[in-house]
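1. okay, structure incoming, though there's no sequence with it:
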């Protein structure tokens, strides 16, 4: 994956242009009178995570093995505790090698996919889920991740939807899937640079206008209620 420096200024200037939406779990925007929509579909295309809401496989049975073995059966295991145990683990046998993989997957899930802080407590069900790697890898984590990050907005969507934003603040390196692999951004940009979003001639690519968008969002739906940013 290319370098992507977080830029609060760009995110802020996207968020302040959010419009009221009649749909739950949907972010709709008014860029100087031009509408754009951010939904689970855009999120899935950017991240490449499983977004199959029809997943109905029964979860694995409850297991306390990892918690009992590495965390003293504690009901409150923080991500910082998980990282400390993983860093101190030495693979002496096959079970511990497997556990290193499972602990690593848990940490990536908690701190990367779900975006939790190091002092956040790990959901106990996740210790059971990671015992069954096939189930863990097939689970639609995209839905959980999307719900956990609705308060923020990935810059990559802004780069894909607003060409000028991508031209000014990033560099498109590829045309691959997931979309987050396509963009590189190594510099911080201040809040005022987001004023390009107020340009009268701003181009906003709708799904049917962008040849790289292989899906349709809210087809036939025009629920954006434009408000003045």
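-> Thanks, I have the structure now. The shown structure was predicted, so the numbers you read here are calculated from the model rather than taken from an experiment.
2. per-domain residue ranges of this structure.
-> Taking automatic domain parsing as the reference, the chain has its domains at 1-55+151-229, 65-139.
3. part of a helix, is residue 111?
-> Yes. Per DSSP: H, G, I helix; E, B strand; the rest coil, residue 111 lies within a helix segment.
4. what's the spacing between the residue lying closest to it once chain neighbours are set aside and residue 7?
-> Nearest residue to residue 111 in three dimensions, chain neighbours excluded: residue 79, at 5.6 Å (Cβ to Cβ, 6 or more residues apart in numbering). No exception for glycine: its C-beta is placed from N, CA and C like everyone else's. The gap separating residue 79 from residue 7 is 25 Å, by Cβ to Cβ, to the nearest Å.
5. residue 65 now?
-> Applying Cβ to Cβ to residue 65 and residue 7 gives a distance of 42 Å.
6. compare neighbour counts for the two and give me the winner.
-> residue 7 (21 against 13; other Cβ atoms under 10 Å).
7. the more buried one and residue 13, how far apart?
-> Going from residue 7 to residue 13 by Cβ to Cβ gives 10 Å.
8. contacting residues around residue 145?
-> Contacts for residue 145 were tallied using Cβ atoms under 8 Å, 6 or more residues apart in numbering; they are 43, 47, 49, 113-115.
9. I meant residue 82, not that one.
-> So residue 82 contacts 103, 106-107, 110, 122 (Cβ under 8 Å, 6+ apart).
10. just curious, which of those is nearest to residue 58?
-> residue 106 (20.6 Å; Cβ to Cβ).
11. now for this structure, the helix or strand with the poorest mean pLDDT.
-> In the chain, no helix or strand scores lower on mean pLDDT, DSSP states H and E than helix 155-161, which sits at a mean of 60.
12. circling back: next, the contact list for the residue nearest to residue 111, please.
-> When contacts are counted by Cβ under 8 Å, 6+ apart, residue 79 touches 107, 110-111, 116-120, 122.
13. which of the residues you listed count as buried?
-> 107, 110-111, 116, 122 (16 or more other Cβ atoms under 10 Å).
14. lowest average confidence across the domains of the chain, which one?
-> With a mean of 64, domain 1-55+151-229 has the lowest mean pLDDT of the domains of the chain.
15. identify the residues contacting residue 110.
-> By Cβ under 8 Å, 6+ apart, the contact set of residue 110 is 79, 82, 116, 120, 122, 126.
16. any chance of those residues in CSV with secondary structure and distance to residue 71 as columns?
-> Shown next, in CSV, are the contacts of residue 110 (DSSP: H, G, I helix; E, B strand; the rest coil; distance: Cβ to Cβ, whole Å):
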residue, secondary structure, distance to residue 71
79, helix, 12
82, helix, 8
116, coil, 17
120, coil, 15
122, coil, 9
126, helix, 13
